[in-house]
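Q: Make a model of this:
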Amino acid sequence: MKELTIKGTRQNPNIILNKEKNIFEFSGQSLPENVQKLYQPILSWIDEYSDAPNDNTSIVFKMKYYNSASSKVIFEVLKKFNLIYKKGKNVKVEWYFKEEDEDMQESGKYYQELLDMPFNFHSL
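A: Predicted coordinates for the structure are as follows:
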């Protein structure tokens, strides 16, 4: 399965999805002009990954900020990984936030409440 990498900019997050290296990382900011255009390849990649996922999947979120449109799509991303978890695979989310950024911590807690897979929270 081919790696999907999106280089981060001021508006777009840095995203690395690599099955072979077991890297699933989202970092930076997400304020794209067209959320669907940015995230559609990511959602499609996860759909393909879910057909034959790794035994252990750790999704790392090190987001500094994302807007409300991105929040909805990030939830879609997490729901797709949650489906893999519900199929019996080990899937977890590593949610990083700056110690003073209560909003980002609360966002992660909110997602955790809505999903079944485990979340680990790390302050930076």
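Q: Could you measure from Ser27 over to Glu102?
A: In this view, Ser27 and Glu102 are 19 Å apart by CB to CB, to the nearest Å. No exception for glycine: its C-beta is placed from N, CA and C like everyone else's.
Q: So what does Leu114 look like in phi/psi?
A: Dihedral angles of Leu114 (phi, psi; degrees, to the nearest 10) stand at phi -90, psi -10.
Q: so who does it touch?
A: The contact partners of Leu114, by CB atoms under 8 Å, 6 or more residues apart in numbering, come to Phe75.
Q: Which helix or strand contains Lys62?
A: strand 56-66 (DSSP states H and E).
Q: Enumerate every residue touching Ser27.
A: Counting by CB under 8 Å, 6+ apart, Ser27 makes contact with Gly8, Pro13, Asn14, Ile15, Val60, Phe61, Lys62, Met63, Lys64.
Q: And the strand holding Lys62, what's buried?
A: For strand 56-66, burial by neighbour count (16 or more other CB atoms under 10 Å) applies to Thr57, Ser58, Ile59, Val60, Phe61, Lys62, Met63, Tyr66.
Q: and which of those residues is nearest to Gly88?
A: The shortest gap between Gly88 and any of these belongs to Thr57, at 12.1 Å (CB to CB).
Q: Show the pLDDT at the nearest residue to the closest one once chain neighbours are set aside.
A: Distance criterion CB to CB, 6 or more residues apart in numbering; nearest residue to Thr57, sequence neighbours excluded, is Val91 at 4.6 Å. Looking at Val91, its pLDDT is 99.
Q: So which other helices or strands are in contact with the strand holding Lys62?
A: In terms of contacts (3 or more CB pairs under 8 Å, 6 or more residues apart in numbering; DSSP states H and E), strand 56-66 is packed against strand 23-30, helix 68-86, strand 90-97, helix 102-114.
Q: which one of the ones you listed lies closest to Asn120?
A: strand 90-97 (5.3 Å).
Q: ok, Val91 touching Lys80?
A: No. Assessed by CB atoms under 8 Å, Val91 is found out of contact with Lys80, at 10.2 Å.
Q: which of these two has more neighbours?
A: Legend: neighbour count by other CB atoms under 10 Å for Val91 and Lys80, higher for Val91 (25 against 16).
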